[in-house]
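Q: sequence-free structure coming up:
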């Protein structure tokens, strides 16, 4: 199995939508549709042009994971669209870890010092993953004013990428 991570653009929208919606709707029963996530059809405008980025993890040419960064302030970003296909999760390939490391490396190289994220409290494995990676849980009211909130999120984390 050959695993690689690369930057994504709009040409990957369909593959991304299939990956993400399958996980959201079928695996976790999150009541979210593509209409709720127009950013997935406008990756370049929504993520890249504003100073963030979007990456995909591929195994033998198949898109199996994703992570994105929305830059919402001069030195702050939000982690978005962190998903790994069920059968590719875990320590063996360590895809989630590698995706997060690519994002943090990008932040350090682009002057983004603080990253924030929101998740849903039913995603226990995701919460443990962020905590293992030194993210600190914060209250919703302690998020920066310009943080792009998602309706479903009810747990929030923060990381200083230079620590």
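A: Received the coordinates, thanks. Worth saying up front: this structure is predicted, and the values here are computed from it rather than measured.
Q: what is the neighbour count of residue 57?
A: By other Cβ atoms under 10 Å, 25 other residues sit near residue 57. Glycine gets a C-beta too; all of them are placed from N, C-alpha and C.
Q: and what of residue 95?
A: Around residue 95 there are 23 other residues, counting by other Cβ under 10 Å.
Q: go ahead and confirm it touches residue 57.
A: Yes - using Cβ atoms under 8 Å, residue 95 is in contact with residue 57, at 4.7 Å.
Q: give me the common contacts of these two.
A: Shared contacts of residue 95 and residue 57, defined by Cβ atoms under 8 Å, 6 or more residues apart in numbering, comprise 3, 64, 65, 84, 88.
Q: isn't the third one right next to residue 95, touching?
A: Yes - Residue 65 sits in contact with residue 95 when judged by Cβ under 8 Å, with a separation of 4.6 Å.
Q: now the common contact residues for the two.
A: The contact sets of residue 65 and residue 95 overlap at 57, 84, 88 (Cβ under 8 Å, 6+ apart).
Q: packing partners for the lengthiest strand in the chain?
A: For the chain, the longest strand by residue count, based on DSSP state E, is strand 62-73. Strand 62-73 is packed against helix 13-21, strand 53-59, strand 76-84, helix 95-109, with contacts defined by 3 or more Cβ pairs under 8 Å, 6 or more residues apart in numbering; DSSP states H and E.
Q: what strands line up against that strand, and which way round?
A: Sheet pairing here is set by DSSP bridges, and for strand 62-73 it gives strand 53-59 (antiparallel), strand 76-84 (antiparallel).
Q: contacts for the last one, please.
A: Surrounding strand 76-84, the residues in contact under the criterion Cβ under 8 Å, 6+ apart are 16, 19-20, 23, 39-40, 47, 52, 54, 57, 64-72, 95-96, 99-100, 103, 107, 112-118, 126, 144, 146-148.
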